[in-house]
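**Student:** sequence unknown, structure follows:
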């Protein structure tokens, strides 16, 4: 069986949290279940739990919190968009202390439900709280500076490419939506910073599920000379990494640390949804919920970063660490829109 | 002339069974459903769970236990029932869209595409014309959606009428064409993509006045909108049109015998077009219910995720293509999808993800058994024809008839 | 003495309650042409389907060459040397002649078909038996007569020495019929035993050595026709029908009024785009019955369809009561006063799954509505009246049309068409497949409608019917009207015209 | 039928003109694209005009279809060529790299070829197979499952094919023996397959998905990359892609050149006729339907263990229906459906690449995804010559008596 960064109850063998830029994450710090027994519900979007990145990570965060913080967790997957409102409101009705919505597609439903249940604490990943209708005060937006992780990944890719006489690197997006474009913008900026002469390709598969579509896009890019493919398309993107593998090129994973896929994974641009979920739960347990605002997870807070760097990239570790420091220090500003 | 070679000879036991199956038309679908659930139960059993507990849990999740006043959590049951009925409305309409075609001898696999065109039209109409009075806006949006569905289905009807193109193939193709049109319209940079969210592949929200009134439950939390009444009303209209109007009469005549209809002066081609258009009206209306009732906008992935039109095929078949049967079949399928949702089905009883797939299997089995059951009904009819006296010579078998199995 | 090629004893075959064959005996000698004669539904085809293994008899014995056999499938039949030429050809239209002939016994070369060998085999066989046909032609492109040859060739290819032909001349032109006769005689002379199913007396007398007559599933008797004292047609007919056949319809003298149906220079194509009606002109006056006589397949069907606007004519004009109905659609024609008793009542006359009341409303459903909706009560009431008036038995207005006997079904059709009060009534083979009582009813009704002043166009393949009913007879041959005869014309006169003979002298009839 | 069409095509000079016109139209676009990338309008326009002239000549010679096609090709070729000549070369090279497009076309086409061949075998015997989608899905899941459990992709493929054949056998029972409406039972089996594979997937693999070390069908590496775009298209294709192409030939030989194929066709055209010459309609149809399930499953197996090396729920996503479309578009003929699948594959490949050509209006390219369906609509409507199914296709058969 695979080493998978997700799965109910299989939270022990976490491998996603070692980043070169900073020390271990908060989630590994706690040892034994402590604290108040609160009830936390998680509602996924229609991608399902086995997307191996986004929903899976959120689920893992909840699992970590169950085992380490001793909370009661429940996950509701959504089969269709008709499930969002009922899923969220069911949890609220059942007096869950915290209800977390995963994903961008749930913004509308979250706005409505949160307004109806002002006594329940809500958090929503990837959505700016201020963009919700009526700006409900009991919602915390959990945002990520995906572009910072993308930047590091792009920087590393370009360094590697330059040394290996590759002229081009590329990225495969699922759909042209903000969380995806943040990654790609950072990736391209990082690459140009490392090697201004490098060519970057980008394409969207219009799909987050069908792997063959991403695989084709990636093969096309490899055909145009791309030596490294960065996937930003959830489950579909696994096809892009598969393309890189079968063509003897390198791939860069997304969201979770996808190094387990093999040695062709140069690194992963990580977005620690699990950390965000875990931290938010911990906060609520401690009585410190930041309602009505956003919490941004960035390189500084170790909310984004890059995953395990493969053997091929270890020699650039020092350079990457320096860039990471510069970003944290604010000397490098990373753009978040694709030009 | 060929000699009379009637082909059916059955013992009295089989006859009795067939009679039972055919009485009132309700027994056979019930048996079909029970068999399908029985098979589903075996699957549950095979996984080491208790089928009865599982089905009880699914039943509770449907909210139908609300009808049993002594049941536990009334509020939860009410919410569940609202969601079940929200599912049911469009399912009724899509079922009618398939059933009406069946009655005219056409197989409308295109309810999904007609539904999609309905949602697109509804979202367009609902998000435009903000100045209209509410009731007018709702009615107009529903009308536009129904017409869009009708036009889309009419293509298949027109192709059948003018070139004989098989509507099964054309409607399948139209389904996918509708899907990509939707993805194009609401995708980034698409002509109908939301003005205020340039980064999201979604439509504009419909305006408040275009929303269907919610009469049970919280109107902000996807309470039950009046669409269910629209659907039931449509089923009534379906019955009237089919059984009491010239249109329906002609459609049935064409369905049973195109040459006889033609010979009687009924325009067969025209009937195909009109019939398909009526199907499209139903399916398009279904689309408008979802948009105006609870969804309020349409994202590209909503279009590809929707299955309601396909389920309409199963609904119509289980409902024997009748108005009342379609309503009950839609309720069954709507309830099943609600009852197996993760929030309602306790994973300790049965894993909801499995239950959802089990539901699909049960739906498939229902349709499969119905396909055999249609045969039984036909055999019964032929038998009765023969029993009517002297009818033997009246029914020379053709290769297409569904006669008996025994020589 | 050698045993007979084929001997059937006491063959019984039931379909439900009906016995299609009820203890039939039949004997086919070696090297004879043996006609199997009987009315429609007498059980001829059933018997031969049993011989060919398509049906299994419920009782009885079959001997081939003296040996008792059971024939469970066509394959077994072929092994026993039995070949069959079906009335509806068993050919695959999109394949070539050679492929059709060898189908089931294909020559192969290794794993592949050897089509060259197939063609050679067919060519050799065709040459040997004088059945000229192009082995490479695709079946759907050749004439019906040639298609029949393909069927015969296939039977011969399987080594058939018993050949069964089911009504082989029904679809042939006179020329083709003559050729077929020659071929069959040739085969007989080479030793093939032939069963020739027919209900045409003249044909039987011309070709057969012996005739066995079937009536209502039973053998009536076997007579020699090639011998010194051949029975005449009347005798055969009596055997066939079981009584004196001349069904005289009592009718008053014809009092023709003004023309109500006028057909001018009508041209129409058949389904394959070939010209089937080729410049037909005639008219029918009120108060007369005009019959169109001809061998099946000479454009009758297309003519009826063109007149009733069920088929778009290529050229020409049809008027009903002075109103042009050409190409305006069947409903318009009907609204102008055209009634149509369709040739095939089960296919196009009735919606078999509709109730009688629904069927009776087919023509004028728009007149049975109230507030735009159908009124089942009114439909039922009217149906009850009509069913009583036309003496339809076997079910009330709520019964499905399917449940009625053929005769009663036809009464429903006639009731519907006549109740609409048409000025012109087109009756296409109105008595096909009916029993004697029903035939009489139909005939009397048609005459009554004539006397009521309607113009009646009758198309029939039954010469007796034509001569009995018609006031004038038009003969159609290859899509043209080749002559007009009075009802007093003899069968020989009619037959000559129908086969294209003598038509050369007779101008295209355009009675007026 | 094929023989006649071919002879008609070769006979008349008008037909030659028609084909020449089509060629000129295609060339008009081709010269404007990489690698030639001619930047002048003149050549494009001249070629387009040639196509129009040839088309007109063909029309006058009575070749209506070919002439029309040539004129269409001329207009489209010249129009698109003109557009291409005025587009930045960078974008052009990104979007139109023939080698990659060719390769992608083959990969998109491969599962469709298998499934459409399956459909061909079934429908040529007279059984409509709308359950191709479900059979592919069975193949996709059980190939992955089998490969996982046995550790061998060969066994995986076999198990997948068996699963597809099993579903097909159910279809056969209902369609042939019970004489159900074939479309209804096919529709039902699509539901069953979707539910069954989904159920087993969740049950066996749960939230983790199929393992990463799933045995894979190997790729075939050919040293052809130096041979221009054609070589580039095929140098690195999955073994199953090659199998699918071989299968087209094999099925063609079977259907049109063997005894069993002739008999199968006769059953699909006129079952009663077949029976009268001693061919068992039932047996022929059973075998054909079951074979069709195995073939469609092979297409599914390509999707799971050939292409992306994992299984996901409903991963066929309507490909079975596209295969059905290709079958119709290809007029129930192996090479016809091959051409159709390649066209569909090409349009999918192009739809993915075109956005790079038109930054800012990427979305328009999504419309190209609808092309296979629209083309099929046009085909069944008879605009490009009527697509006529086998005569007994979809008609249940029963013996008399």
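**Tutor:** Done, it's in. Model, not experiment: these values are computed from the prediction.

**Student:** what does the stretch 201-350 of chain B have sitting close to chain C?
**Tutor:** When proximity is defined as CB under 8 Å from any CB of the partner chain, the stretch 201-350 of chain B approaches chain C at B:240, B:243-246, B:249-250, B:252-253, B:256-257, B:259-267. For the C-beta atoms, the positions are set from N, CA and C on the backbone; glycine is no exception.

**Student:** quick check, the helix or strand hosting residue A:64 touching chain B?
**Tutor:** Assigned by DSSP states H and E, residue A:64 falls within helix A:54-69. No: using CB under 8 Å from any CB, helix A:54-69 stays clear of chain B, with a minimum separation of 12.5 Å.

**Student:** in whatever helix or strand comes next after that helix, which residues are buried?
**Tutor:** Sequence-wise, the next helix or strand downstream of helix A:54-69 (DSSP H and E) is strand A:72-76. Neighbour-count burial for strand A:72-76, counted by 16 or more other CB atoms under 10 Å in any protein chain shown, picks out A:73, A:74, A:75, A:76.

**Student:** give me the contact list for the strand or helix carrying residue C:449.
**Tutor:** In the assignment (DSSP H and E), residue C:449 maps to helix C:436-451. The contact list for helix C:436-451, computed with CB atoms under 8 Å, 6 or more residues apart in numbering or on different chains, reads C:241, C:247, C:249-252, C:254, C:287-289, C:390-391, C:406-408, C:410-411, C:414, C:418, C:425, C:427, C:430-431, C:434, C:456, C:458, C:465, C:468-469, C:471.

**Student:** would you mark the buried spots in that helix?
**Tutor:** C:438, C:439, C:441, C:442, C:443, C:445, C:446, C:447, C:449, C:450.

**Student:** just the closest of these to residue B:132, please.
**Tutor:** residue C:449 (61.2 Å; CB to CB).

**Student:** and stretch C:66-79, which residues are buried?
**Tutor:** C:69, C:71, C:73, C:74, C:75, C:77, C:78, C:79.

**Student:** for that stretch, what is the distance to the chain centroid?
**Tutor:** 29 Å (CA atoms, centre = their mean, to the nearest Å).

**Student:** again with stretch C:425-440
**Tutor:** Here stretch C:425-440 is found 13 Å from its chain centre; the criterion is CA atoms, centre = their mean.

**Student:** same question, stretch C:285-292
**Tutor:** 23 Å.

**Student:** mean confidence score for it?
**Tutor:** In this model, stretch C:285-292 carries a mean pLDDT of 94.

**Student:** and if you look at stretch B:174-194?
**Tutor:** Across stretch B:174-194, pLDDT averages out at 89.

**Student:** with stretch C:299-308 instead?
**Tutor:** 91.

**Student:** who touches that stretch?
**Tutor:** Taking CB under 8 Å, 6+ apart as the rule, stretch C:299-308 contacts B:263, C:261, C:263, C:266, C:268-270, C:276-278, C:280, C:292, C:294, C:310-313, C:316, C:318, C:330, C:333, C:338, C:340, C:343, C:426, C:428, C:457, C:459, C:476, C:478-480.

**Student:** in helices, which of those residues appear?
**Tutor:** Cross-referencing the contacts of stretch C:299-308 against helices under DSSP state H gives B:263, C:330, C:333.

**Student:** still on that earlier bit, let me know the angle separating the helix holding residue A:64 from strand A:72-76.
**Tutor:** Compare the direction of helix A:54-69 with that of strand A:72-76 by axes from the mean of the first three to the mean of the last three CA atoms, to 10 degrees and you get 170 degrees.

**Student:** would you mind confirming that residue B:154 is in contact with residue B:279?
**Tutor:** No: distance between residue B:154 and residue B:279: 9.3 Å, which falls outside the contact criterion (CB atoms under 8 Å).

**Student:** find the residue closest to the residue in chain A that chain D sits nearest to in space, skipping its chain neighbours.
**Tutor:** Closest residue of chain A to chain D, CB to the nearest CB: residue A:223 (3.3 Å). The shortest distance from residue A:223 to any non-neighbouring residue, by CB to CB, 6 or more residues apart in numbering or on different chains, is to residue D:100 (3.3 Å).

**Student:** show me what contacts that neighbour?
**Tutor:** By CB under 8 Å, 6+ apart, the neighbours of residue D:100 are A:219, A:220, A:223, A:224, D:232, D:233, D:353.

**Student:** what about the fifth one, distance to residue A:133?
**Tutor:** In other words, residue D:232. 52 Å (CB to CB, to the nearest Å).

**Student:** okay, those two: which has more neighbours?
**Tutor:** residue D:232 (20 against 13; other CB atoms under 10 Å in any protein chain shown).

**Student:** so that one is in which element?
**Tutor:** helix D:228-234.

**Student:** and that helix, average pLDDT?
**Tutor:** Averaging pLDDT along helix D:228-234 gives 70.

**Student:** immediately after it, which helix or strand?
**Tutor:** Per DSSP H and E, helix D:228-234 leads on to strand D:236-238 as the next helix or strand towards the C-terminus.

**Student:** so what strands line up beside that next one?
**Tutor:** Sheet partners assigned to strand D:236-238 using DSSP bridges are listed as strand D:219-221 (antiparallel).

**Student:** buried residues in the strand it pairs with?
**Tutor:** Buried-residue list, strand D:219-221, by 16+ other CB under 10 Å: residue D:219.

**Student:** circling back: in strands, which of the contacts of stretch C:299-308 appear?
**Tutor:** Assigned to strands by DSSP state E, the following of the contacts of stretch C:299-308 qualify: C:261, C:263, C:266, C:268-269, C:276-278, C:280, C:292, C:316, C:318, C:338, C:340, C:426, C:428, C:457, C:459, C:476, C:480.

**Student:** domains for the chain, by residue range?
**Tutor:** No chain in the question, so chain A it is. Following automatic domain parsing, one finds the domains of chain A at A:26-144+A:273-297, A:146-271+A:309-329.

**Student:** nope, chain C please
**Tutor:** Looking at automatic domain parsing, the domains of chain C come to C:6-241, C:248-337+C:422-512, C:350-421.

**Student:** the shortest one: how far from the chain's middle?
**Tutor:** Spelled out, that is domain C:350-421. Using CA atoms, centre = their mean, the offset of domain C:350-421 from its chain centre is 27 Å.

**Student:** quick one: average pLDDT of that domain?
**Tutor:** Computed over domain C:350-421, the average pLDDT equals 86.

**Student:** contacting residues around the nearest residue to residue B:49 once chain neighbours are set aside?
**Tutor:** Using CB to CB, 6+ apart and skipping residues adjacent in sequence, the residue nearest residue B:49 is residue B:350, 5.2 Å away. Counting by CB under 8 Å, 6+ apart, residue B:350 touches B:44, B:49, B:53, B:54, B:57, B:58.

**Student:** do residue B:156 as well
**Tutor:** Counted by CB under 8 Å, 6+ apart, residue B:156 has contacts B:108, B:110, B:165, B:167, B:170, B:171, B:174, B:276.

**Student:** gap between it and residue D:262?
**Tutor:** Look at residue B:156 and residue D:262: by CB to CB, they are 35 Å apart.

**Student:** my guess is residue B:130 contacts residue B:208, does it?
**Tutor:** No: using CB under 8 Å, residue B:130 makes no contact with residue B:208, being 9.0 Å away.

**Student:** quick revisit: what's the least confident stretch among the domains of chain A?
**Tutor:** domain A:26-144+A:273-297 (a mean of 84).

**Student:** turn the buried residues of helix C:436-451 into TSV, columns for distance to residue A:113 and pLDDT.
**Tutor:** Rendered in TSV, the data for those read as follows (distance: CB to CB, whole Å; pLDDT from 0 to 100):
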residue	distance to residue A:113	pLDDT
C:438	75	78
C:439	79	81
C:441	77	85
C:442	76	89
C:443	81	90
C:445	76	90
C:446	78	92
C:447	83	92
C:449	77	92
C:450	82	93
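
**Student:** appreciated, that's everything.
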